[in-house]
Each structure stands twice: as structure tokens, then as C-alpha cells.
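Student: Dropping the sequence and predicted coords here.
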Amino acid sequence: MAQSDRQGMRIAVLAGGTSSEREISLSSGENAAKALLDAGFGTVELLDIAAGDFYRRIVDEPWDVAFLALHGEGGEDGVIQGFLSFLNIPYTGSGVSASAVASDKEIAKLIYAHAGIPVPRGLTLRRGDEVSLEELAANVGRQFFVKPAENGSSYGISLVKDPADLPEAIERAFQFGDKVLVEERIVGTEVTVGVFGGDTLRALPVVEICCENEGAEFYNLDVKYIDPEKIHQIPARLDEDMYERVQEMACTAHRALGCSGLSRSDFIVTAAGPVILETNTLPGMTSTSLFPDEIAHTDDLVFSEVCATLVDLAIARTQE
């Protein structure tokens, strides 16, 4: 899209909401709004979807595109996507079905496995389910992660090393949803890789997550939003073959889930190869988030123009 065309456009950056990731979303929205203004769009407004006047404004005002900077329940699970589709407002990121599928880690794992991407062993629990330590040991292992099946940003996640700590970990995860995953703890190099583009996908530089630099055993909320220079190693310290395999798997996951525009997939790389953990269809856009940091480590991409391209892709999808 020509710079002159951008001047006449009105972009609504949707952020906030009522999920546990509200504050992170607002920060993502502010950073994305600044980038869109830097890219030359004439009117860019940050709309909190939890605000009392949101529905009136999004329905009554003439918006060209909704730029989604939402995370978690109600923003990343297909709900807002369905609402915007009903209003015929183009929006960035994945559509209704891909958003819903990717946000449910249990369903996403089935799709990954069907696409040939290795996944962790695990069990799914619902409220009231009995938990057998013998069954866990046989199917999951002796150490495991307990996490909500439908939440993000590491909320409700626990690393369980002692079976005695399992009930507390499960209860913590149930605070963030009605379905909980218990998965084997996979030891290896934790990495993440963003994917960007339309029909032609591009895998961004692979980031190695160095939690040990901050004394953390995994990528939890205590380290997730600190200075990226302290915990992001870009490019990841993998051999060339493994590096390319991770990038290829991220693109495969993106396509298998039906994602659009952008995504970011997390992996643990073991000696046998990468194992996928999850795919985020609306990666964080804060100044310390992984996706913008990956873009900053390319030779030819600029964050503001990536955001502008996401707007172009949203318009093109609606026109199609």
C-alpha cells in the first residue's frame, strides 16, 4: 500500500479486555499504535474492548481495519474475530477457526501430531477428574508441567518435581480455565520462532530463551517481560540443521492450524529434535516481546512496516 493511501485510513487498535493478560495487551496495543503512526497511517486509535463505549464506537465509526493487539480469553480465541467478521471489518491475524483451535492447547496438539510435529506426552484433566500418580508416571513421567489448556503468557503454569505438589499445581491451573494439561517435562533448549507473511511465509530468527540468566527454571511471568537482552539469545545457539528444522516446523504449525499473517511457536529442542509446546496466534507486541525482537534482528524488516503489512493482509483477506 502506498504511503499516500495510508494517510486516509482509520485504524482501530484493539487491546485490553478482561482476560488475565489485560495489562500486557494494553502495552502491546500502545506499541503497535505507535508503529502504525510511524508507518504513515492517518488515524490510529487504541480502543480498550472492555471500555463501556467500545461497542458503540466499533459499530458506529468508519474503521478501515482493526489491528488486534489482544491476548488471552475473548481476544485470541476467536470471539472478537467472529464479532468483527459479522461487522465486515477487516482485522489482522488469524481467523475465527484458527484462533479458536490454536488457543486450545489440547486440540492444537492433535493437529500438530497429525502434521508430523512431535508433541509432549500428556494428559488432559477436567474439573472433578481423578488423578492417578501411577497413570501419570506411566504416561507423562516423573516431572511434569501443569498448565491451563486455554490461557497464555505463562499464567497458571507450574513445574512439578514432587508428586505431593500436584494437587496445588492443578488447582492453580484451574483458576484460569476448566481444562488443564499435565505434560512431561522435556529437557533441552527452549526456543521460539515467529512466522510472518501471507501466501509466502517467512520464519523469523530463532530465539533461545535463557531463563537461567535470571535464575528461573522455565519461561515464567517473573522473566517474561524484563529486558530482552538478558534472556533472548538471537540467533539461538543451535547447529544449522536443527535451526532450520525449528523454522520449518513453525511454518508447518502455522499452516496446519490455518493461521494468517503472523504466529509464534514455542519449542524445546532435544538431542532427538524439536518438540512443539504451543502456537501463539497474536504474539505480544510490547517493547520487550519476542516477536518485535525477532524482527529487530533481521537485516531487512522494520517493525512499523511489518505492522503495515499485517494491515494490507487483513484488507486482502476481506476482499477475497
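Tutor: Perfect, thanks for sending it.
Student: how does this structure divide into domains?
Tutor: 3-92, 101-118+187-281, 122-184 (automatic domain parsing).
Student: Redo those as CSV? Include mean neighbour count and mean pLDDT.
Tutor: In this view, the C-beta of every residue, glycine as well, is placed from N, C-alpha and C. Below are those laid out as CSV (neighbours: other C-beta atoms under 10 Å; pLDDT from 0 to 100):
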stretch, mean neighbour count, mean pLDDT
domain 3-92, 19, 95
domain 101-118+187-281, 18, 89
domain 122-184, 17, 85
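Student: Can you add distance to Ser287 and give those back as CSV?
Tutor: Output for the domains of the chain, formatted as CSV (distance: least, C-beta to C-beta, whole Å):
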stretch, distance to Ser287
domain 3-92, 6
domain 101-118+187-281, 9
domain 122-184, 16
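Student: so which of those domains comes closest to Leu301?
Tutor: domain 101-118+187-281 (7.8 Å; C-beta to C-beta).
Student: Regarding that closest one, how distant is the last residue from the first?
Tutor: Terminal residues of domain 101-118+187-281 are spaced 10 Å apart (C-alpha to C-alpha, to the nearest Å).
Student: Can you show me the helices along the stretch 151-300 of the chain?
Tutor: In the stretch 151-300 of the chain, the helices defined using DSSP state H, counting those that start in this stretch lie at 166-174, 221-224, 228-231, 240-257, 290-296.
Student: same question, the stretch 1-150 of the chain
Tutor: Going by DSSP H, counting those that start in this stretch, the stretch 1-150 of the chain shows helices at 3-7, 22-38, 54-60, 79-87, 96-103, 105-114, 133-139.
Student: would CSV of these with distance to Leu125 be doable?
Tutor: Output for the helices of the stretch 1-150 of the chain, formatted as CSV (distance: least, C-beta to C-beta, whole Å):
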stretch, distance to Leu125
helix 3-7, 48
helix 22-38, 26
helix 54-60, 35
helix 79-87, 24
helix 96-103, 18
helix 105-114, 10
helix 133-139, 10
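Student: Would you tell me which of those gets closest to Val206?
Tutor: helix 105-114 (17.8 Å).
Student: which other helices and strands contact that closest one?
Tutor: The contact analysis (3 or more C-beta pairs under 8 Å, 6 or more residues apart in numbering; DSSP states H and E) places helix 105-114 against helix 96-103, strand 179-184, helix 240-257, strand 273-280.
Student: Quick check: the gap between the closest residue to Leu36 other than its chain neighbours and Asp266.
Tutor: Spatial nearest neighbour of Leu36, chain neighbours left out: Val44 (4.6 Å); criterion: C-beta to C-beta, 6 or more residues apart in numbering. Relative to Asp266, Val44 is positioned 30 Å away (C-beta to C-beta, to the nearest Å).
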